[in-house]
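In: Sharing a sequence plus its predicted fold:
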Amino acid sequence: MVKHAALLDLLATMQAQPGPLNVIDTHAGRGLYDLSGDEAQRSGEGEAGIGQLMKADDLPGAFQPLRAAVSDLNDGGATRYYPGSPLLVAGALRAGDSYLGCELRPEEHDALKAALKGKAGVKTVCADGFNEAASRTRVSGSVLILIDPPFEKSDDYRRIVTTISDVTARNPKAVVLVWLPLKDLETFDAFVRDAEDAYAGPLLVAEARMRPLSDPMKMNGCALVVANAPAGFIEPLTAICEWTVSRLGDQGLARVWTA
Ligand SMILES: C[S@@+](CC[C@H](N)C(=O)[O-])C[C@H]1O[C@@H](n2cnc3c(N)ncnc32)[C@H](O)[C@@H]1O
């Protein structure tokens with residue numbers, strides 16, 4: 001939710017610049033989630049968040065594009081379906097903009113293709129998204145790379161850092177938005193330090209700690225790290241993290257800072 005609200009705000013900010021926008025989603029997933037399914041029912045926290053998102057009367061403006069997208073997907077009725085990053089980006093594309101969704105697992109890729117059927121400006125590839133971003137990032141123009149791995153493999157952190165470095169070497173103005181789980185501070189700090197070493201520009205870091213980071217076996221929140229963040233992105237990002245932590249957290253903390 002934090003990631004998707006931030007993604008839609010970032011897209012709008014980037015689309016205010018002249019020229020077409022080219023988006024690569026390195027880990028696209030299946031595009032569309034049925035919240036009545038078994039898996040969604042098991043992850044109660046996400047479900048609770050979407051419920052709050054749809055009914056809150058104090059929702060910050062930064063969340064409105066996400067709420068509108070979820071509402072549209074459900075024809076304004078009860079929230080059964082939730083859009084993943086591919087559908088959210090596809091829904092925001094203008095004529096001339098493009099989206100490439102990379103998904104490694106064939107069955108997820110089939111679902112992704114089905115979810116995006118008939119959408120203009122979109123392509124998908126069943127391939128490793130880190131490699132695709134490194135080789136397909138346009139060398140000029142407005143580019144957004146979303147990196148949202150499942151963190152099932154031990155080298156995901158290292159590959160994110162390499163991809164930030166590869167992408168910004170190809171296109172120094174490319175904006176890279178990375179989603180990370182927050183488990184313990186040691187892992188997160190080490191990642192930010194490695195990313196700082198790999199990328200010369202400032203990194204905007206947003207943490208939504210939903211609870212104190214005392215149990216590293218738990219997902220205690222999430223973080224976004226942005227390379228080449230456009231001016232003005234810090235305000236919506238702060239509003240998104242603060243609202244999420246205050247509404248859904250338990251002794252949590254929202255922090256947005258520049259590394
Ligand atoms: C967290 S989900 C992505 C969610 C999606 N970005 C969204 O916001 O809706 C991660 C996905 O990455 C896929 N995946 C794992 N490793 C990958 C890789 N190296 N390249 C591309 N996709 C990968 C998984 O199969 C899974 O569907």
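Out: Here it is on my side, so go on.
In: CA only for contacts and neighbour counts going forward, please
Out: OK.
In: what does the protein have sitting close to the ligand?
Out: 26-29, 31, 84-85, 102-105, 108, 127-129, 148-150 (Cα under 6 Å from any ligand atom).
In: redo that, cut-off 5 Å
Out: 27-29, 84-85, 103-105, 128-129, 149-150 (Cα under 5 Å from any ligand atom).
In: could those residues go into a markdown table alongside secondary structure, neighbour count and pLDDT?
Out: Converted to a markdown table, these look like this (DSSP: H, G, I helix; E, B strand; the rest coil; neighbours: other Cα atoms under 10 Å; pLDDT from 0 to 100):
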| residue | secondary structure | neighbour count | pLDDT |
| --- | --- | --- | --- |
| His27 | coil | 22 | 98 |
| Ala28 | coil | 27 | 98 |
| Gly29 | coil | 24 | 98 |
| Gly84 | coil | 19 | 98 |
| Ser85 | helix | 23 | 98 |
| Glu103 | coil | 23 | 98 |
| Leu104 | coil | 16 | 98 |
| Arg105 | coil | 14 | 98 |
| Asp128 | coil | 14 | 98 |
| Gly129 | helix | 26 | 98 |
| Pro149 | coil | 21 | 98 |
| Pro150 | coil | 12 | 97 |
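In: how much space between Glu103 and Pro216?
Out: 28 Å (Cα to Cα, to the nearest Å).
In: Oops, could you answer that again for Gly141 instead?
Out: 40 Å.
In: One more: Arg158?
Out: For Arg158, the distance to Pro216 - Cα to Cα - is 19 Å.
In: hey, where'd the strands end up in the stretch 151-259 of the chain?
Out: With DSSP state E, counting those that start in this stretch as the criterion, the stretch 151-259 of the chain has strands at 175-181, 203-209, 221-227, 253-258.
In: Put together JSON lines for the ones you listed, with mean pLDDT and distance to Leu7 on each row.
Out: Shown next, in JSON lines, are those (pLDDT from 0 to 100; distance: least, Cα to Cα, whole Å):
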{"stretch": "strand 175-181", "mean pLDDT": "98", "distance to Leu7": "8"}
{"stretch": "strand 203-209", "mean pLDDT": "98", "distance to Leu7": "13"}
{"stretch": "strand 221-227", "mean pLDDT": "98", "distance to Leu7": "10"}
{"stretch": "strand 253-258", "mean pLDDT": "98", "distance to Leu7": "16"}
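In: Can you add mean neighbour count and give the ones you listed back as JSON lines?
Out: Shown next, in JSON lines, are the strands of the stretch 151-259 of the chain (neighbours: other Cα atoms under 10 Å):
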{"stretch": "strand 175-181", "mean neighbour count": "22"}
{"stretch": "strand 203-209", "mean neighbour count": "23"}
{"stretch": "strand 221-227", "mean neighbour count": "23"}
{"stretch": "strand 253-258", "mean neighbour count": "16"}
